[in-house]
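Visitor: the amino acid sequence is not available; the structure is as follows:
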């Protein structure tokens, strides 16, 4: 159970161009309201670190999270360099969120192999921890050998340690994970977890995987937030954005036999619906795929409705192991409304 929920603002990644709304002003406003963190993301466009560096100058207290930095995009030492640099620039406010993405992105965009994702994640985190401890970094692992000694090696590589002293050796590392084995690994090696979809009324979905997490383990759950009228039509209208996102992730973010988002929806009890959404989406019937997303599922992972309804829904979140609600709202009045209820 979480005694005091924290709030985070997820700004996400940029679409076809930089945001037209005042994203920097929104982050400042969230900080003034008492939000604990602000997050950015990356897919195959804007990167995750540069906007946070901009926000580091524009804010003073709010923590800065990468949600997520894709591991295939950078070697672990390069990721550590970015995190250490940003931590200095921000006065120790970085939360390093990492994730693998899926094989379509890893191999299609970054040109890196995807197999053995769990072993790859463990090794990646181990190397970053060594850098943060300012050790002379060596690694004889399968994926990130240091020094490199492959058949095309010059043989001149030497073990190094960062010449920029990390501001914090214990800079928090959290992982975005969905599959049961990946979540269990996260509880074992990370300081926190970023679930994409979390339903507080269904704790059994992940209870076994996070049972062994250490003290202070943070769970930062993303949730769609919208204040509406009390009518059911108002609530359902406000759920359309999350339905659109669910249709894209469940239907198209991955191949037919390798879609972790779809698999998660199945584990949450919506197998037939997930199969139908994916079938429609892959057949090019995207509008129909959105319409096929169950309102109940979209509602379970959201906070939508009048203030009294959201206040009632918050009871389940407070009774869950979630420590931070990561909201995707873009309006100051919406952030203020949630802060009034939570903080």
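Guide: Done, it's in. In this text, all values refer to a predicted model and were calculated from it rather than measured experimentally.
Visitor: how about residues contacting stretch 37-52?
Guide: Stretch 37-52 has contacts (CB atoms under 8 Å, 6 or more residues apart in numbering) with 6, 8-15, 18, 23, 27, 30-31, 55, 59, 62-70, 73, 82, 86, 90, 94-95, 97, 105, 109, 220, 324, 326. The C-beta positions use only the backbone N, C-alpha and C, and glycine is treated the same way.
Visitor: do stretch 303-318 as well
Guide: 1-3, 5, 200-201, 221, 223-230, 234-235, 238-239, 325, 327, 337-338, 341-342.
Visitor: among these, which lie within strands?
Guide: 221, 223, 224, 225, 226, 227, 325, 327 (DSSP state E).
Visitor: mind listing what the most centrally placed residue in the chain touches?
Guide: With distances taken as CA atoms, centre = their mean, residue 67 lies nearest the centre of the chain, 3.9 Å away. Going by CB under 8 Å, 6+ apart, residue 67 touches 10, 39, 40, 41, 48, 97, 176, 194, 220, 222, 326.
Visitor: which stretches in the stretch 51-200 of the chain count as strands?
Guide: 63-66, 69-70, 94-99, 173-176, 192-194 (DSSP state E, counting those that start in this stretch).
Visitor: so how far is the shortest one off the chain centroid?
Guide: The one in question is strand 69-70. How far strand 69-70 lies from its chain's middle: 9 Å, per CA atoms, centre = their mean, to the nearest Å.
Visitor: what's the mean pLDDT across that strand?
Guide: For strand 69-70, the mean per-residue pLDDT is 98.
Visitor: can you select the buried ones from the contacts of stretch 37-52 in PyMOL?
Guide: Buried residues within those, by 16 or more other CB atoms under 10 Å, are selected in PyMOL with:
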select buried, resi 6+8+9+10+11+12+14+23+27+30+31+55+59+62+63+64+65+66+67+68+69+70+73+82+86+90+94+95+97+105+220+324+326
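Visitor: now do stretch 246-255: everything it contacts.
Guide: Here stretch 246-255 has contacts from 102-104, 196, 259-262, 265, 274, 277-278, 280-282, 286, 289-290, 292-293, 297-298, using CB under 8 Å, 6+ apart.
Visitor: give the residue spans of the stretch 151-300 of the chain that score low on pLDDT.
Guide: 254-255, 257 (pLDDT under 70).
Visitor: if we go to 90?
Guide: Across the stretch 151-300 of the chain, the ranges flagged by pLDDT under 90 are 151, 178-179, 196-197, 202-205, 212, 230, 249, 251-269.
Visitor: before we move on, back to that, just the buried members of the ones in strands among the contacts of stretch 303-318?
Guide: 221, 223, 224, 225, 226, 227, 325, 327.
Visitor: which one of these is nearest residue 147?
Guide: Using CB to CB, residue 221 is the member of these that lies nearest residue 147, at 39.7 Å.
Visitor: what's across from the closest one in the sheet?
Guide: residue 325 (DSSP bridges).
Visitor: that one against residue 322, yeah?
Guide: Yes - the criterion here is CB atoms under 8 Å, and residue 221 meets it with residue 322 at 4.7 Å.
Visitor: quick check: neighbours shared by these two?
Guide: Common neighbours of residue 221 and residue 322 (CB under 8 Å, 6+ apart) are residue 198.
Visitor: re earlier: which members of the buried ones among the ones in strands among the contacts of stretch 303-318 are the farthest-apart pair?
Guide: 221 and 227 (19.0 Å).
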